[in-house]
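>>> A predicted structure for the sequence below; I have some questions about it.
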Amino acid sequence: MQHMRARGARFIVLTGVTRGLGRALFEAFVAEGHRVAGCGRSKEAIAELARKYPAQSLHAVDVTDDGAVKDWAAAVLQNDAAPDLLINNAATINRNAPLWELSAEEFDPVIKVNIIGVANVIRHFAPAMVRRRDGVIVNFSSGWGQSTAPEVAPYCATKFAIEGLTQALAQELPTGMAAVPVNPGIIDTEMLRSCFGEAAGAYPSPEKWAQKAAPFFLALNARHNGQSLAVDAGA
Ligand SMILES: NC(=O)c1ccc[n+]([C@@H]2O[C@H](COP(=O)([O-])OP(=O)(O)OC[C@H]3O[C@@H](n4cnc5c(N)ncnc54)[C@H](OP(=O)(O)O)[C@@H]3O)[C@@H](O)[C@H]2O)c1
């Protein structure tokens, strides 16, 4: 049975809703009456969100697990039509260190979550969007998708990859759709604390960012296809 949505309400699929930017975006979208299907790995955080937002679709899914993403997409698409907006937000960052000091156990997950996870989600959600020839796919990039810094080489590699992957995807989509790499800006999350330490406190909270970011994402359309964009969350 398909979910009923209020006029103007969108159906949004969002990865990484358990904390940080994904959680703040999830809450901002829901507050505006949109319906969201979200995932994250933390079963506890997903259960807590499901209790708080019983009308939303929440699943504990690791985006690096292609089979789990396939099952998630099947469950979500059974209840809702293709998403109007698919946002690949989930990502991870390496411990600050020169590249040669990072073990394979530290390097590989950054590639797996930030590139393979994004591809898994697109593989299982995009076909329904392409069939409808409608919808926007946002892949979260970073300032470190276009410039580099020491001690975050694995992360930089993945975000440069996201820029390329998304631009190529944009060339593949039918007219009426868009794929957009988006740099969200610099926001005080656990990820930023990992690389900036206490200095992260000088940046806006995810909740403040989401007030500007949610309408920014909702305004994206086919005309933005292939553009590399950034959220301007300034005052
Ligand atoms: N914060 C910034 O200043 C900044 C700047 C530039 C770009 N970005 C980008 O913005 C996005 C969000 O970053 P953030 O700062 O909010 O990061 P964060 O605080 O570390 O949150 C990451 C989110 O992704 C989820 N996640 C991680 N691995 C996952 C996996 N394998 N499967 C499913 N979900 C997974 C996490 O939940 P679980 O642990 O429960 O899975 C969490 O909800 C990322 O793409 C990041 O690269 C952030």
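Sure, I can see it. Residues are numbered from 1 along each chain as shown.

>>> I'd like to know which elements the helix ranked longest in the chain is packed against.
When the chain is parsed with DSSP state H, its longest helix is helix 153-172. With contacts taken as 3 or more CB pairs under 8 Å, 6 or more residues apart in numbering; DSSP states H and E, helix 153-172 sits against helix 104-111, helix 117-132, strand 135-140, strand 177-183. Just so you know, the C-beta spots here come from the backbone N, C-alpha and C atoms, and that holds for glycine as well.

>>> centre of the chain to that helix, how far?
With CA atoms, centre = their mean, to the nearest Å as the basis, helix 153-172 stands 13 Å off its chain's centre.

>>> related to what we said a few turns ago, wait, which of the helices and strands packed on helix 153-172 is closest to Asn89?
Minimum separation from Asn89 across the helices and strands packed on helix 153-172 (CB to CB) falls at strand 135-140, 5.1 Å.

>>> output that closest one as PDB, restricted to C-alpha atoms.
In PDB, the C-alpha atoms belonging to strand 135-140 read as follows (Å, rounded to 0.1, in the frame of the first residue of the first chain):
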ATOM      1  CA  GLY A 135      14.000  13.200  -9.100                       C
ATOM      2  CA  VAL A 136      17.300  14.600  -7.800                       C
ATOM      3  CA  ILE A 137      20.200  12.600  -6.500                       C
ATOM      4  CA  VAL A 138      22.500  14.500  -4.200                       C
ATOM      5  CA  ASN A 139      25.900  13.100  -3.200                       C
ATOM      6  CA  PHE A 140      27.600  14.800  -0.300                       C
END
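
>>> tell me the contacts of the closest residue to the ligand within the chain?
Residue of the chain nearest the ligand, by CB to the nearest ligand atom: Gly20 (2.3 Å). The contact partners of Gly20, taken as CB atoms under 8 Å, 6 or more residues apart in numbering, are Ile187, Thr189, Glu190, Met191, Pro206.

>>> same for the ligand: which of those are within range?
Restricting the contacts of Gly20 to those within reach of the ligand (CB under 6 Å from any ligand atom) leaves Ile187, Thr189, Glu190, Met191.

>>> who wins for neighbours among the residues you listed?
If you count neighbours using other CB atoms under 10 Å, the busiest of the ones next to the ligand among the contacts of Gly20 is Ile187, which has 22 neighbours.

>>> let me know whether that residue touches Ala233 as I believe.
Yes: using CB atoms under 8 Å, Ile187 is in contact with Ala233, at 7.4 Å.

>>> find the residues that touch each one of these two.
Overlap of the contact sets of Ile187 and Ala233 (by CB under 8 Å, 6+ apart) consists of Pro204, Trp209.

>>> what is the burial count for the residue nearest to Pro109 when sequence neighbours are not counted?
Closest residue to Pro109 apart from its sequence neighbours, by CB to CB, 6 or more residues apart in numbering: Thr92 at 6.1 Å. Applying other CB under 10 Å, we find 19 residues neighbouring Thr92.

>>> what does Lys52 give?
11.

>>> what about it, distance to Lys70?
According to CB to CB, to the nearest Å, Lys52 and Lys70 sit 27 Å apart.

>>> who's in contact with the residue nearest the centre of the chain?
For the chain, Asn89 is the residue whose C-alpha lies nearest the centre (CA atoms, centre = their mean; 1.7 Å). Contact analysis of Asn89 by CB under 8 Å, 6+ apart lists Leu14, Thr15, Gly16, Val17, Leu21, Gly22, Leu25, Phe140.

>>> possible to save the contacts of Gly20 as TSV with secondary structure and pLDDT?
Listed next are the contacts of Gly20 as TSV, based on DSSP: H, G, I helix; E, B strand; the rest coil; pLDDT from 0 to 100:
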residue	secondary structure	pLDDT
Ile187	coil	98
Thr189	coil	98
Glu190	helix	98
Met191	helix	98
Pro206	helix	98
